[in-house]
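Novice: just need the structure, nothing else, for what follows:
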Amino acid sequence: MIIFLCVFLAIFFYYVYKGYKSDTSPQRSDVAVQNKEALSGDVKARTSSRNKIWTVGVKVGVVVFVVALMAAISLPDFFPYYQMKTYNAAALTDLRNAKTSCYAFYAAHKRYPQTLHEAGFQSANGVQVTYERIDDKNFIILSQHASGAKIYKITSTSSRIDWRYMNAADSPFTPLRE
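Specialist: From the prediction side, this is the model:
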């Protein structure tokens, strides 16, 4: 937003300066130079056009300032939403990484690991990944961020990722739409 405002002001002042420069060097004929009334009218015309440019410029500047101020005031209201999306994305990423670690371990040892640590998986800060090995060929992984709103689940028998809200413990998992 600040960059947009700076670019706008730079363009605006460029055009104001350009208009000012074009008004300060008018094309005068020899007749107009000799006629004092024409010269005084020319000066008045230049002054009034400069005033119009600056008046419009100040109005536009005030409008841009007010819009930028309103945007700056309302912007923090959106932060919790985006933070929640980031936390949920971290949990989802860790779930996929844990699944990949388990598959890589299975390819090397023909069995799934007892723990994710055995598979070489390390979760991100704040993300809790729960791994349950059912037998040598099956597992369930749950992933959630401490500040997130969703729990994600994947099993070895299905590549589908399911999710539900953390505060809805009784509700079933729903397939994730990607």
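
Novice: so what does the helix or strand containing M84 touch, helix or strand wise?
Specialist: Per DSSP states H and E: M84 is located in helix 79-109. Packing partners of helix 79-109 (3 or more Cβ pairs under 8 Å, 6 or more residues apart in numbering; DSSP states H and E): strand 127-135, strand 138-145, strand 150-155. C-beta: built from backbone N, CA, C; applies to glycine.

Novice: average pLDDT for that helix?
Specialist: Here helix 79-109 scores 92 as its mean pLDDT.

Novice: same question, stretch 164-178
Specialist: 85.

Novice: who touches that stretch?
Specialist: Residues outside stretch 164-178 that contact it (Cβ atoms under 8 Å, 6 or more residues apart in numbering): L92, Q144, G148, A149, K150, I151, Y152, K153, R160, I161, D162, W163.

Novice: bridged to the last one, which residues?
Specialist: Beta-bridge partners of W163, counted by DSSP bridges, are Y152, T174.

Novice: just to check, it is in contact with Y152?
Specialist: Yes - with contact defined as Cβ atoms under 8 Å, W163 reaches Y152; the gap is 5.0 Å.

Novice: neighbour count for the two, which is higher?
Specialist: Y152 (24 against 21; other Cβ atoms under 10 Å).

Novice: so where's the chain uncertain?
Specialist: 1-10, 13-54, 76-77, 178 (pLDDT under 70).

Novice: on that earlier part again, what's the closest of the contacts of stretch 164-178 to R133?
Specialist: K153 (14.7 Å; Cβ to Cβ).

Novice: for Q114, what are its contacts?
Specialist: R133.

Novice: cool, and the one 4 residues further on?
Specialist: For E118, the contact set (Cβ under 8 Å, 6+ apart) comprises F105.

Novice: part of a helix, is it?
Specialist: No - if the criterion is DSSP: H, G, I helix; E, B strand; the rest coil, then E118 is coil and not within a helix.

Novice: tell me how far it lies from R96.
Specialist: 19 Å (Cβ to Cβ, to the nearest Å).

Novice: K153 contacts F139, correct?
Specialist: No - using Cβ under 8 Å, K153 is not in contact with F139; the gap is 11.1 Å.
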